[in-house]
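> Starting from these lines, generate the structure:
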Amino acid sequence: MTSHVEQQIQARITAAKNKRQQQREDRAAFAESRAAGLEARKRTKIRRVFCGQCARPQRSGTYQRCPLGCGTALCRKRASCGNDHLAQCPNRGAVPSLPEEGQ
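Here you go, the predicted model:
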């Protein structure tokens, strides 16, 4: 027979083991939910970038920013997007006026 002291010690050891196991399970569940949250945020961030000219969604590495500094994302696939935007960019300098034909 075991004494009541040994039974109490065994109960404490068992409680500590159960607590550690519960902590492991909680950490694993938290890591899974955190990974899912990070993936969802990544997908949302990717979805937010659209071409400023043709409004096509852009992914990381498939667009360039306006070289004049306005920050607009422009397609790399279609050169016309960049060319059209440069003519409309708010940071573009004043266009020199052309001389009139009669002069």
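> residues contacting Cys75?
Taking Cβ atoms under 8 Å, 6 or more residues apart in numbering as the criterion, Cys75 is in contact with 51, 53-54, 56, 58, 62-63, 81-82. From N, CA and C alone the C-beta is placed, and that goes for glycine too.
> what's the most distant pair in those?
Farthest pair in the contacts of Cys75 (Cβ to Cβ) is Gln53 and Thr62. Separation: 14.0 Å.
> Which one of those two is surrounded by more residues?
For Gln53 versus Thr62, the count of surrounding residues by other Cβ atoms under 10 Å is larger for Gln53: 19 against 14.
> and the more buried one, what pLDDT?
Residue-level confidence at Gln53 comes out at 83, pLDDT.
> who's in contact with it?
For Gln53, the contacting residues are 74-75, 80-82, 84-85, by Cβ under 8 Å, 6+ apart.
> Just the buried residues of these.
With burial judged by 16 or more other Cβ atoms under 10 Å, the buried subset of the contacts of Gln53 is 74-75, 81-82, 85.
> Give me the subset of those residues lying in strands.
Among the buried ones among the contacts of Gln53, the members found in strands (DSSP state E) are 74-75.
> Which members of the buried ones among the contacts of Gln53 are the farthest-apart pair?
Pairwise across the buried ones among the contacts of Gln53, and taking Cβ to Cβ, the largest span is found between Cys75 and His85, at 9.7 Å.
> What residues sit buried inside stretch 61-77?
The neighbour-count criterion (16+ other Cβ under 10 Å) identifies 63, 66, 72-75 as the buried residues of stretch 61-77.
> Ends of it, what's the gap?
Across stretch 61-77, the terminal residues are separated by 11 Å (Cα to Cα, to the nearest Å).
> go on, stretch 52-62?
13 Å.
> Can you name every helix or strand that the least confident helix or strand in the chain by mean pLDDT contacts?
Across the helices and strands of the chain, mean pLDDT, DSSP states H and E gives its lowest value to helix 79-88, namely a mean of 77. Taking 3 or more Cβ pairs under 8 Å, 6 or more residues apart in numbering; DSSP states H and E as contact, the helices and strands that helix 79-88 lies on are strand 73-75.
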